[in-house]
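Novice: Sequence first, predicted coordinates after that:
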Amino acid sequence: MRKKLIVGNLKMNPLTPTEFGRYLDMLERETNGKNFEKTEIVVCPPAVYFRQFLERKMKDVKLGAQDVYWEYQGAYTGEISAGMMKSNGAEYSIVGHSERRKYFGENEEIINVKLKAILKSGLNAILCIGESGEERKSNETASVLKKQLEKSLAGIGIGKTEYITVAYEPIWAVGTDKVPSSDEILEAKIIIKKILAELYSRKAVEKMRILYGGSVKSSCAGQVCVDPAMDGALIGRESLTPYEFIKIASLVDGG
Ligand code: 13P
């Protein structure tokens, strides 16, 4: 059985190395003595904090990037390549987050080249997909997920599928405190698996993890992760509080 995956997306937080140091103190305290047999835990801080994270040598928490640039190297002011993330300690990278789509104009073509760069560098990818509230209301969820998956995964062979995790993050649930019902999440998961099985094979898809993301809290982890049998969660705000973050990881690990 593949391990479940709990990912903390710290977004553009915390503000200073001192605050991040305190965060790591708390994270160490929360993970110490706990045994996550069925679950991998990944934290994705801003890249400026990678070294500080790695200096702690945490055995239960892996490092992830929030995004990468698709080029390998060169005159791309301000960008960080997938290879640089990898050689600086990251094992995972998020790609296609709805905030990247919204604020930085990322479309499926961009997400596709970023995903290819992530896989080429040897990082594991966490590909975010999800419909907007409008799209859900007009019954377009399945077609939106299909378009996002087909375009983002274009040209990526079956041999790479084990390095890709799909995070279903309905845009209307991100940062809002609204969460879908277990049935709605299960339905989305079935749709995603079906699309992936058409693109690859049922056998390959069995090895791909499908996470849920969007307003995950310990109080709803059962509803959004355990009941619809998700392979884990992608967590924003609650990952900034190690007590809550690790509580969710424990619930998922025991679920
Ligand atoms: P929240 O958990 O804060 O809703 O954010 C979800 C998210 O965007 C994780 O990538």
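Specialist: Yep, it's here.

Novice: all strands for the stretch 101-250 of the chain, in order.
Specialist: Using DSSP state E, counting those that start in this stretch, the strands of the stretch 101-250 of the chain run over residues 124-129, 164-168, 210-213, 232-235.

Novice: mind putting the ones you listed in JSON lines, distance to L15, mean pLDDT and mean neighbour count included?
Specialist: C-betas here are computed from N, CA, C, even on glycine. Shown next, in JSON lines, are these (distance: least, CB to CB, whole Å; pLDDT from 0 to 100; neighbours: other CB atoms under 10 Å):
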{"stretch": "strand 124-129", "distance to L15": "24", "mean pLDDT": "98", "mean neighbour count": "26"}
{"stretch": "strand 164-168", "distance to L15": "26", "mean pLDDT": "98", "mean neighbour count": "25"}
{"stretch": "strand 210-213", "distance to L15": "23", "mean pLDDT": "98", "mean neighbour count": "27"}
{"stretch": "strand 232-235", "distance to L15": "20", "mean pLDDT": "98", "mean neighbour count": "28"}
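
Novice: now the ones you listed as JSON lines including distance to the ligand?
Specialist: JSON lines is the format used below for these (distance: least, CB to the nearest ligand atom, whole Å):
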{"stretch": "strand 124-129", "distance to the ligand": "7"}
{"stretch": "strand 164-168", "distance to the ligand": "7"}
{"stretch": "strand 210-213", "distance to the ligand": "5"}
{"stretch": "strand 232-235", "distance to the ligand": "5"}
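
Novice: can you list these in TSV and add distance to K38?
Specialist: Below are the strands of the stretch 101-250 of the chain laid out as TSV (distance: least, CB to CB, whole Å):
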stretch	distance to K38
strand 124-129	17
strand 164-168	15
strand 210-213	14
strand 232-235	10
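
Novice: how about those, which one is nearest A82?
Specialist: strand 124-129 (9.3 Å; CB to CB).

Novice: For that closest one, enumerate the helices and strands it packs against.
Specialist: Packing partners of strand 124-129 (3 or more CB pairs under 8 Å, 6 or more residues apart in numbering; DSSP states H and E): strand 92-95, helix 108-121, helix 141-152, strand 164-168.

Novice: can we see that at 6 Å?
Specialist: strand 92-95, helix 141-152, strand 164-168 (3 or more CB pairs under 6 Å, 6 or more residues apart in numbering; DSSP states H and E).

Novice: Show me which residues of the stretch 1-150 of the chain sit near the ligand.
Specialist: Residues of the stretch 1-150 of the chain lying near the ligand by CB under 6 Å from any ligand atom: 9, 97.

Novice: And the residue of the stretch 1-150 of the chain closest to the ligand?
Specialist: Nearest residue of the stretch 1-150 of the chain to the ligand: N9, at 3.7 Å (CB to the nearest ligand atom).

Novice: Model confidence for the closest residue to V43 other than its chain neighbours, exactly?
Specialist: Counting by CB to CB, 6 or more residues apart in numbering, G8 is the residue found nearest to V43 once chain neighbours are left out, at 4.6 Å. We note a pLDDT of 98 for G8 in this prediction.

Novice: and G8, bridged to which residues?
Specialist: V43, I235 (DSSP bridges).

Novice: First-to-last residue distance for stretch 112-131?
Specialist: Length of stretch 112-131, first residue to last, CA to CA, to the nearest Å: 18 Å.

Novice: For the remainder of this discussion, apply numbering that starts at 10.
Specialist: That works, and once the first residue is 10, the last one we named lands at stretch 121-140.

Novice: which other residues reach that stretch?
Specialist: Under the contact criterion CB atoms under 6 Å, 6 or more residues apart in numbering, stretch 121-140 has outside partners 77, 79, 91-92, 95, 101-106, 150, 153-154, 157, 161, 163, 169, 172-180.

Novice: and these, which are buried?
Specialist: 77, 79, 91-92, 95, 101-106, 150, 153-154, 157, 161, 169, 172-180 (16 or more other CB atoms under 10 Å).

Novice: Spit out the contact partners of the nearest residue to V77 once chain neighbours are set aside.
Specialist: Distances taken as CB to CB, 6+ apart place A91 nearest to V77, at 4.1 Å, with adjacent residues excluded. Neighbour list for A91: 77, 126-127, 130, 132 [criterion: CB under 6 Å, 6+ apart].
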